[in-house]
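[1] build the 3D model from these lines:
(one chain, ligands or ions: 2)
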Amino acid sequence: MRFAPIFQFSIISVIRSLVMLIDSHAHLEMPEFKRDLEAVIQRAKESGIEHIFTVGTEQRDWKSALEIAHSHPSIYAILGVHPHNAKEIDNETYALLKGVCKDEKVKAFGEIGLDFFRNLSPRDIQLKRFREQIGLAKELRLPIVIHDREAHQETMEILRSEKAENCGGIIHCFSGDYEMAKACIDMGFFISIPGTITFKNADAFREIVRRIPLESLLIETDAPFLTPEPYRGKRNEPGYVRYTAQKVAEVKKVSFEKVAELTTENALRVYKLL
Ligand SMILES: [Zn+2]
Ligand SMILES: [Zn+2]
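    Ligands and ions are numbered 1, 2, ... in the order given. Below you'll find the model as predicted:
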């Protein structure tokens, strides 16, 4: 019995190393985490989440995303201007963005794209700023993180005309059909699956995920949004990416470990940490 705790510890370490997960997309700098950020990060660690990529979506968030990344070796930053904030871009924005993106902790550019569901910025401005920011990402040699909501066709048109295959990256919170997923994969993009895959009414989405090869998948929380079951309705946090991984494994009829291993490898590859 004297040796039991040591034995137990080594088993736990082995299990941990087998089930390492990455939350490829969260928003830790958002006000929802102001009160208990350290506890949230600690809980993620305890659930085997090895890395979190936190996305600063507007100018006032870039600095806080970088601060969080710099105070935690396991956290990296993604910076850009979200389509919701496209109308706020002015003459100084891109120069500032270029400056902050040179930080060694920044691993991708985004999230950029189109949101024709909420239309918080006028559509023509979203289209223009999306194009410009792909150009900026190319200059910075960073992969791009794409946000596409109810704008599949326009997103594909821009990715093609701007030759986005030259930067590659991720279609985050993927919501297109299988054909779109395939076209994006052919352009060198990864498809990132959020917690919505656990929702009761998501059969059609699960069927699409079943057909996408695991070699092209990432998993994400988009925390504090899109909380998976069994916590739907509450605030999302990176530790819950485990439920998304579990559902992907179930849908694809493979082991949880296999999903963990491949999605981790894919994330490390796209963010150039391998
Ligand atoms: Zn998004
Ligand atoms: Zn997001």
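
[2] now do the contacts for Lys87.
    Applying Cβ atoms under 8 Å, 6 or more residues apart in numbering to Lys87 gives the contacts 120-122, 125. Where you see a C-beta, it was placed from the backbone N, CA and C, and this is true even at glycine.

[3] cool, and Glu132?
    By Cβ under 8 Å, 6+ apart, Glu132 lies in contact with Tyr94.

[4] please repeat the previous calculation with a cut-off of 6 Å.
    Applying Cβ atoms under 6 Å, 6 or more residues apart in numbering to Glu132 gives no contacts.

[5] measure Met156 to His25 for me?
    20 Å (Cβ to Cβ, to the nearest Å).

[6] and these two? which has more neighbours close in?
    Of the pair Met156 and His25, His25 is the one with more neighbours under other Cβ atoms under 10 Å, namely 30 against 18.

[7] picking that back up, so which of the contacts of Lys87 is the closest to ligand 1?
    Nearest to ligand 1 among those is Leu120, at 12.1 Å by Cβ to the ion.

[8] could you find the closest non-adjacent residue to the closest one?
    His84 (4.1 Å; Cβ to Cβ, 6 or more residues apart in numbering).

[9] do the same with Arg206
    The shortest distance from Arg206 to any non-neighbouring residue, by Cβ to Cβ, 6+ apart, is to Val251 (4.9 Å).

[10] so Leu218, which state does it fall into?
    strand (DSSP: H, G, I helix; E, B strand; the rest coil).

[11] beta partners for it?
    Beta-bridge partners for Leu218, by DSSP bridges, are Ser192.

[12] who's in contact with it?
    24, 190, 192, 263, 266-267.

[13] cool, Pro143 as well?
    So Pro143 contacts 108, 167-169, 270 (Cβ under 6 Å, 6+ apart).

[14] any of the residues you listed buried? List them.
    By neighbour count, with 16 or more other Cβ atoms under 10 Å, the contacts of Pro143 hold 108, 167-169, 270 as buried.

[15] any chance of TSV for these, columns distance to Thr57 and secondary structure?
    Output for those, formatted as TSV (distance: Cβ to Cβ, whole Å; DSSP: H, G, I helix; E, B strand; the rest coil):
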residue	distance to Thr57	secondary structure
Ala108	13	strand
Cys167	18	coil
Gly168	20	coil
Gly169	15	strand
Val270	19	helix
